[in-house]
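> Fold the following.
(chains A and B)
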Amino acid sequence: MARMKFLCDAERCIECNSCVTACKNEHEVPWGVNRRRVVTLDDGVPGEKSISVACMHCSDAPCQAVCPVDCFYTTEDGVVLHDKDICIGCGYCFYACPFGAPQYPQEGAFGARGKMDKCTFCAGGPEEDNSAEELEKYGRNRLAEGKLPLCAEMCSTKALLAGDGDVVSQLFRDRVVRREGRPDTWGWNTAYKD
Amino acid sequence: MLLAIFLLPMTGYISTGFATADQEVQQTNPRADYWRLVRDNSEGYSAVTGRETNELIQSSGQNWRQLRNGPIATFGSWILGFTLAVLALFYIWRGQVPLTHPRTGQTVERWTLNERRIHWVTAGLFLVLAITGLSLLYGRAVLIPLFGHHGFSAYAELAKLAHNILGPVFMIGLLSMLVHWFKQNFFSKVDLDWFKAFGGMIGDNHPSAGKLNGGEKLWFWSLATAGIALCLSGLVLDFPNFDQEREIIQISHLIHVITALALIAFAFGHIYIGTVGTEGALEGMVTGQVDTAWAQQHHDLWLQELQQQKPKSD
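Here you go, the predicted model:
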């Protein structure tokens, strides 16, 4: 069984934001919500590094642990998904998530939160695979079509890797060995316990 | 031309060559430095604008999760359960504290119409807020097994809406009460003796008290401190449109839950004493009038004061 993981290679990311754009377009993400974002540290000084970040689909997901209505579930592929029919938009997953993944379309006055939206690893939601309802609520289900997340597929420098954790880490390990640097598997230890 | 096609893209290697030559002078590992920046929640730049989108890892959410799901949920349920159990056992052991003298038939006004209105509006809102709030903390463990995920979700969505809208209204009610009864709630020597005698809850002797006894004053000051903290932290949570940072939200949430649990436990006691615990107490807050026998037993100094003011009252 595959264990899906994201990995962003900080040595390669050039902050082109194509992952952000690809995701936004593929899933018709609501206004004001970006499921993925690129953060640049030390921006403009030598040695600046960029990282593309979205939901890391944690093994022991904090969002899942604090959800008062228990709307999260982990698929057999280790992808953390949620049911928008159950979500009440309380904001707790946003309080708990270290990566700032859960976001809410504004619904009503004073920034009242609507149903939470986050990266689905292009795996849709609880609805029937590739159904109209699934597309409407969660975006495209590429995993069901046998494809991997579009952000990683579109990455121009292949900095962002997505797929089975074993394959992804092997790819990255080979890279690191080849370039003789210390690994910086970004966010890996925070997100993945196994 | 062909040579240029091959050579131009390779100029990148020259610049990285220079860059790595510079890095050799550095003492620390630049990758470790970078990771340290990430873990320290350093602010960077992100083209995606919004609340803290320029930060990579915000670690304090983990603490919030551990505290909320761990000690707060656990001890909270113990404290509420313990309070209810103690009250039930006390009722079985002591029963209702009866009037020691038969009713005189004469009444005095204890609470004006305005005071009663403000009390019941705030009390009603308190109950609604307490139930909806506890549903968010314990609903997953208690109510989902009963109603199922979709059933509980439908209720929780309404509960969230009610909690968010009624919260500020409750705050207005609470502030009005605190302002209105502020002057009457300073502790005195009488209250100390009242506490020493356990407020007449145990034994037959009822200690002296003014219009408000020590217990009522303690409830007032709990509301004036924990209640205000509860309201202020609630406002931080209720209005996400000000783009508060997550750390502030997490701290506010912890304050909100802790003060709410403490006040709910205290409210159990307040409700017990005001209803089944004491004969004749509830009618004061319902009709505004209390029997002079009740007033003599529970608030003797206040009755004296009233009688001195109006010696020829009917």
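> what sits against B:W294?
By Cβ atoms under 8 Å, 6 or more residues apart in numbering or on different chains, B:W294 lies in contact with B:L99, B:R103, B:E279, B:G280, B:A281, B:G284. The way it works is simple: take the backbone N, C-alpha and C, and place the C-beta from them, glycine included.
> hmm, 10 Å instead?
By Cβ atoms under 10 Å, 6 or more residues apart in numbering or on different chains, B:W294 lies in contact with B:99-101, B:103-104, B:107-108, B:110, B:278-281, B:283-284, B:303.
> quick one, strands of the stretch 51-200 of chain B?
Remark: strands assigned in the stretch 51-200 of chain B by DSSP state E, counting those that start in this stretch are B:107-109.
> swap in chain A?
All strands of chain A, identified by DSSP state E, fall at A:4-8, A:37-41, A:49-53, A:72-74, A:80-82, A:160-164.
> closest one to A:E26 among the ones you listed?
Of all the strands of chain A, it is strand A:160-164 that lies closest to A:E26, at 13.0 Å by Cβ to Cβ.
> Say whether chain B is contacted by the closest one.
No. Residues of strand A:160-164 contacting chain B under Cβ under 10 Å from any Cβ of the partner chain: none, with a closest distance of 14.3 Å.
> B:L192 and B:N213 touch, don't they?
No. B:L192 is beyond contact range of B:N213, at 11.6 Å (criterion: Cβ atoms under 10 Å).
> quick one on the thing from earlier: for A:N130, find the nearest of the strands of chain A.
Of all the strands of chain A, it is strand A:80-82 that lies closest to A:N130, at 14.7 Å by Cβ to Cβ.
> What pairs with the closest one, parallel or antiparallel?
Applying DSSP bridges, strand A:80-82 is found paired with strand A:72-74 (antiparallel).
> Which residue does chain A have closest to chain B?
Closest approach between chain A and chain B, counting by Cβ to the nearest Cβ: A:G111, at 2.9 Å.
> Neighbours of the residue of the stretch 151-300 of chain B found nearest chain A, how many?
In the stretch 151-300 of chain B, the residue that lies nearest chain A is B:N241 (2.9 Å; Cβ to the nearest Cβ). B:N241: 11 surrounding residues under other Cβ atoms under 10 Å in any protein chain shown.
> What score does it have for pLDDT?
Predicted confidence (pLDDT) at B:N241: the value is 87.
> and if you look at A:E180?
Note on A:E180: pLDDT of 67.
> Kindly report the same for A:T185.
Taking A:T185 on its own, its pLDDT is 61.
> So which of B:L192 and B:N213 has more stuff around it?
Neighbour comparison, B:L192 and B:N213: the larger count goes to B:N213, with 24 against 11 (by other Cβ under 10 Å).
> Now do the same contact list for the spatially closest residue to that one that is not a sequence neighbour.
Spatial nearest neighbour of B:N213, excluding adjacent residues (Cβ to Cβ, 6 or more residues apart in numbering or on different chains): B:W194 at 5.5 Å. Residues in contact with B:W194 (Cβ under 10 Å, 6+ apart) are B:187-188, B:200, B:206-210, B:213-217.
> how about B:T278, what does it touch?
Counted by Cβ under 10 Å, 6+ apart, B:T278 has contacts B:Q96, B:V97, B:P98, B:L99, B:G200, B:M201, B:Y272, B:G284, B:W294, B:Q297, B:H298.
> Just give me the neighbour total for the third one.
In this case it means B:P98. Residues lying near B:P98 (other Cβ under 10 Å) number 11.
> Not counting its neighbours along the chain, what's nearest it?
Nearest to B:P98 is B:E279, by Cβ to Cβ, 6+ apart, at 5.0 Å.
> Can you give me the neighbour number for the one you found?
18.
> Hmm, B:L99 and it touching each other?
Yes. Counting by Cβ under 10 Å, B:L99 is a contact partner of B:E279 at 5.2 Å.
> Give me the helix or strand of chain B that scores worst on average pLDDT.
Least confident helix or strand of chain B, by mean pLDDT, DSSP states H and E, is helix B:11-23 with a mean of 64.
> what are the ranges of the helices in the chain?
As the question left the chain open, I've gone with chain A. Ranges of helices in chain A, per DSSP state H, are A:18-27, A:62-66, A:92-96, A:132-138, A:150-154, A:165-179, A:188-191.
> You answered for a different chain; I wanted chain B.
B:2-7, B:11-23, B:30-39, B:60-67, B:73-94, B:113-142, B:144-180, B:189-196, B:214-222, B:228-238, B:246-274, B:282-287, B:292-298, B:300-309.
> Need the ones you listed in JSON lines (columns: distance to A:T21).
As requested, these are exported to JSON lines (distance: least, Cβ to Cβ, whole Å):
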{"stretch": "helix B:2-7", "distance to A:T21": "29"}
{"stretch": "helix B:11-23", "distance to A:T21": "24"}
{"stretch": "helix B:30-39", "distance to A:T21": "23"}
{"stretch": "helix B:60-67", "distance to A:T21": "28"}
{"stretch": "helix B:73-94", "distance to A:T21": "41"}
{"stretch": "helix B:113-142", "distance to A:T21": "36"}
{"stretch": "helix B:144-180", "distance to A:T21": "33"}
{"stretch": "helix B:189-196", "distance to A:T21": "68"}
{"stretch": "helix B:214-222", "distance to A:T21": "54"}
{"stretch": "helix B:228-238", "distance to A:T21": "33"}
{"stretch": "helix B:246-274", "distance to A:T21": "26"}
{"stretch": "helix B:282-287", "distance to A:T21": "63"}
{"stretch": "helix B:292-298", "distance to A:T21": "72"}
{"stretch": "helix B:300-309", "distance to A:T21": "73"}
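> Mind checking the ones you listed for the one nearest to A:E107?
Comparison of the helices of chain B against A:E107 by Cβ to Cβ identifies helix B:144-180 as nearest, at 10.6 Å.
> can you give me the offset of that closest one from its chain's centre?
Here helix B:144-180 is found 12 Å from its chain centre; the criterion is Cα atoms, centre = their mean, to the nearest Å.
> So for that helix, mean pLDDT?
For helix B:144-180, mean pLDDT is 96.
> what packs against it?
Judged by 3 or more Cβ pairs under 10 Å, 6 or more residues apart in numbering or on different chains; DSSP states H and E, the packing partners of helix B:144-180 are helix B:113-142, helix B:214-222, helix B:228-238.
> Just the buried ones from the contacts of B:T278?
Using 16 or more other Cβ atoms under 10 Å in any protein chain shown as the burial test, the contacts of B:T278 include B:V97, B:L99, B:G200, B:Y272, B:G284, B:W294, B:Q297, B:H298 as buried.
> just to revisit the earlier point, to A:G125, which of the strands of chain A lies closest?
Minimum separation from A:G125 across the strands of chain A (Cβ to Cβ) falls at strand A:80-82, 5.7 Å.
> Centre of the chain to the closest one, how far?
11 Å.
> Check which residues of that strand are buried.
Within strand A:80-82, judged by 16+ other Cβ under 10 Å, the buried ones are A:V80, A:L81, A:H82.
> The first one reaches A:A61, doesn't it?
Yes. With contact taken as Cβ under 10 Å, A:V80 and A:A61 are classed as touching, separated by 4.9 Å.
> Give the residues shared as contacts by the two.
The contact sets of A:V80 and A:A61 overlap at A:C55, A:F72, A:Y73, A:T74, A:A101, A:A191 (Cβ under 10 Å, 6+ apart).
> The last one - how many residues pack around it?
Burial of A:A191 is recorded as 22 neighbouring residues (other Cβ under 10 Å).
> Distance of the residue nearest to it when sequence neighbours are not counted relative to B:H150?
Among residues not flanking A:A191 along the chain, A:M56 sits closest, at 3.6 Å (Cβ to Cβ, 6+ apart). A:M56 sits 28 Å away from B:H150 when distances are taken as Cβ to Cβ, to the nearest Å.
> Next: B:L263.
For B:L263 relative to B:H150 (Cβ to Cβ), the value is 32 Å.
> same deal with B:I5?
As judged by Cβ to Cβ, B:I5 and B:H150 stand 62 Å apart.
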